[in-house]
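Engineer: Predicted model and sequence follow; I will ask about them next.
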Amino acid sequence: MRCFLIVLLALVVGTNATFDFKALQDKVRALLRKAEHGALDPIIDAAVKDALAETAKIRRPALQAKQHSGGAMRFRILQIPDLHYTNLALYPCDHKPDAMQGLCVEAYMTTMVAKMLDDVKPDFVVFTGDQLEALHFPQTWLGSLAAVNTYAAEVEKRKIPWAMVFGNHDENYLFANKRVMMAYIESLPYSYAKYGPYGIGGVGNYELRVAAGAASLDLYFLDTGKDGAVSDGQKALLRSFAASHAPEKAPALAFTTIPVPEYNDFNGTGQGTKGEAVSSGVKNTGLFDTMVQMGDVQASFCGHDHFNDYCFLRGSVHLCYDGGVGYGAAYAQGDHPRTARVIEWSVSSTNESIATWLYKHNIKHTNDKYFVYERDLTTV
């Protein structure tokens, strides 16, 4: 009997799932005693697939831009990168901000997430990986789900729709398991994250659509794994997304964790600064070329390198970093502000645009906008 997720799975928006891991843990414990590690995956896969069959029944409200002054429609996204939650509230900060007095501990990160949400007032939130610190601070299954609840708490409390991608620190080799976490994340009341196709590489390869009247914006989410390598199956999925939308000529944005190697081509022209080397992985697996070929991707947004927050145009695609916001286990510098990114899609009767700007913690903001897309609708 498959006893991984049980009791209740969300069948309608606003209903959360309850997980009971005792039966699964008993099976795992028995297999570990026998050193039968290879037998674990089929058990996990079967349980996760059962859970996904239930979360597939959930129907979320369509994502819609909101009307603002002057009649324009607007959809604002807050991109939150690299939290690195250990789920230990008193975990000390790696280099607290120079201006900060008193102790700096992980709990302050939740305070700052709340402040960002209240300052920015987003319509949607995207967590772009390394929400957990499970690589250097191993998590159990229950610990990883508790950390998910912690990082999503302020967003869920405000009833803000959100999505996410996994980063290389979100999973260790057994118990902080992406398959388990995504099965749970799909069930959270305001989560729009999806597992995506099973077995193509990674967990959480999916798309979402936002509407503004007759106009639309497509959002693509991709798991870049532990080293930035993207499979042929993942690239084929992205191409299929773009092909299905081709007649509409709608703009699209891509969200990943690990940057593609082409981020190395930044020469200082654009927005933001480069504060460290680009950590793109050893092998170029062609994700940037795929995005160019797709034709609809206007910009790609990533995290991973906490001191990089630049945006620049490389060919036909803008490549944007979003910095890092973590307090606690996330690496940092006292003189470098924690940074997130705001992305805003606007549609009026005459113009459509996508602009982005940086949100720096505890700093007065100028909201200097960098445009990754503009279209004159009077000529369409």
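Structural biologist: Sure thing, it's come through.
Engineer: Quickly run through the sheet partners of whichever helix or strand residue 341 is part of, with directions.
Structural biologist: With elements taken from DSSP states H and E, the one containing residue 341 is strand 339-347. Neighbouring strands of strand 339-347 in its sheet, by DSSP bridges, are strand 73-80 (antiparallel), strand 351-360 (antiparallel).
Engineer: could I get the first one in CSV with only the CA atoms?
Structural biologist: The C-alpha atoms that make up strand 73-80 are tabulated as CSV, following Å, rounded to 0.1, in the frame of the first residue of the first chain:
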residue,chain,number,x,y,z
MET,A,73,-3.5,46.9,-16.8
ARG,A,74,-0.6,45.9,-14.6
PHE,A,75,0.9,42.7,-13.3
ARG,A,76,3.8,43.1,-10.8
ILE,A,77,6.1,40.2,-9.9
LEU,A,78,8.4,40.1,-6.9
GLN,A,79,11.3,37.8,-7.6
ILE,A,80,12.9,36.5,-4.3
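Engineer: Show me which residues of it are buried.
Structural biologist: 73-80 (16 or more other CB atoms under 10 Å). C-beta: built from backbone N, CA, C; applies to glycine.
Engineer: Also stretch 154-171?
Structural biologist: In stretch 154-171, counting by 16+ other CB under 10 Å, buried: 154-156, 160-171.
Engineer: again with stretch 300-313
Structural biologist: Neighbour-count burial for stretch 300-313, counted by 16+ other CB under 10 Å, picks out 300-312.
Engineer: How about stretch 190-209?
Structural biologist: Buried residues in stretch 190-209 (16+ other CB under 10 Å): 190-196, 200-208.
Engineer: Please flag which of those sit within strands.
Structural biologist: Counting by DSSP state E, the part of these found in strands is 206-208.
Engineer: Would you mind giving those residues as TSV with distance to residue 58 added?
Structural biologist: Converted to TSV, these look like this (distance: CB to CB, whole Å):
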residue	distance to residue 58
206	14
207	17
208	14
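Engineer: And these, which is closest to residue 293?
Structural biologist: residue 207 (16.5 Å; CB to CB).
Engineer: who are the neighbours in contact with that closest one?
Structural biologist: 218-221, 241 (CB atoms under 8 Å, 6 or more residues apart in numbering).
Engineer: residues in contact with residue 216?
Structural biologist: Contacts of residue 216 (CB under 8 Å, 6+ apart): 209-210, 245, 248, 250.
Engineer: Highest neighbour count among these?
Structural biologist: Ranked by the number of neighbours (other CB atoms under 10 Å), the contacts of residue 216 place residue 210 first, at 22 neighbours.
Engineer: In three-state terms, label it for me.
Structural biologist: strand (DSSP: H, G, I helix; E, B strand; the rest coil).
Engineer: all helices for the stretch 201-350 of the chain, in order.
Structural biologist: 232-245, 287-294 (DSSP state H, counting those that start in this stretch).
Engineer: Can you report how many residues neighbour residue 108?
Structural biologist: 19.
Engineer: Local confidence estimate at the residue nearest to it when sequence neighbours are not counted?
Structural biologist: Of all residues not flanking residue 108 in the chain, residue 327 sits nearest, at 4.8 Å (CB to CB, 6 or more residues apart in numbering). If you check residue 327, the pLDDT there is 90.
Engineer: Thought residue 343 was touching residue 122, still the case?
Structural biologist: No - contact criterion CB atoms under 8 Å: residue 122 and residue 343 do not qualify, at 9.1 Å.
Engineer: so what sits against both of these two?
Structural biologist: 76-77.
Engineer: before we move on, the earlier item: export the buried residues of strand 73-80 to a markdown table and tack on pLDDT and distance to residue 107?
Structural biologist: Listed next are the buried residues of strand 73-80 as a markdown table, based on pLDDT from 0 to 100; distance: CB to CB, whole Å:
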| residue | pLDDT | distance to residue 107 |
| --- | --- | --- |
| 73 | 95 | 37 |
| 74 | 97 | 33 |
| 75 | 98 | 31 |
| 76 | 98 | 27 |
| 77 | 99 | 26 |
| 78 | 98 | 20 |
| 79 | 97 | 22 |
| 80 | 96 | 17 |
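Engineer: ok, so of those, who is nearest residue 51?
Structural biologist: Nearest to residue 51 among those, with distances taken as CB to CB, is residue 80, at 25.3 Å.
Engineer: where's that closest one relative to residue 326, distance?
Structural biologist: Applying CB to CB, to the nearest Å, one obtains 10 Å for the distance of residue 80 from residue 326.
Engineer: Then residue 224?
Structural biologist: From residue 224 to residue 326 the distance is 18 Å (CB to CB).
Engineer: Can you name the two of the buried residues of stretch 190-209 that sit furthest apart?
Structural biologist: Longest span within the buried residues of stretch 190-209, CB to CB: 190 and 201, 27.2 Å.
Engineer: wait, doesn't residue 188 sit right on residue 156?
Structural biologist: Yes - Residue 188 is within contact range of residue 156, at 6.5 Å (criterion: CB under 8 Å).
Engineer: Helices of the stretch 51-200 of the chain, start to end?
Structural biologist: With DSSP H, counting those that start in this stretch as the criterion, the stretch 51-200 of the chain has helices spanning 107-120, 141-157, 178-185.
Engineer: So which bits of the second one are buried?
Structural biologist: Going by neighbour count (16+ other CB under 10 Å), the buried part of helix 141-157 is 141, 143-145, 147-148, 150-152, 154-156.
Engineer: Any chance of CSV for these, columns distance to residue 129 and pLDDT?
Structural biologist: Formatted as CSV, those follow (distance: CB to CB, whole Å; pLDDT from 0 to 100):
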residue, distance to residue 129, pLDDT
141, 20, 76
143, 18, 83
144, 14, 86
145, 17, 88
147, 14, 89
148, 13, 93
150, 16, 93
151, 11, 94
152, 14, 96
154, 18, 97
155, 16, 98
156, 19, 98
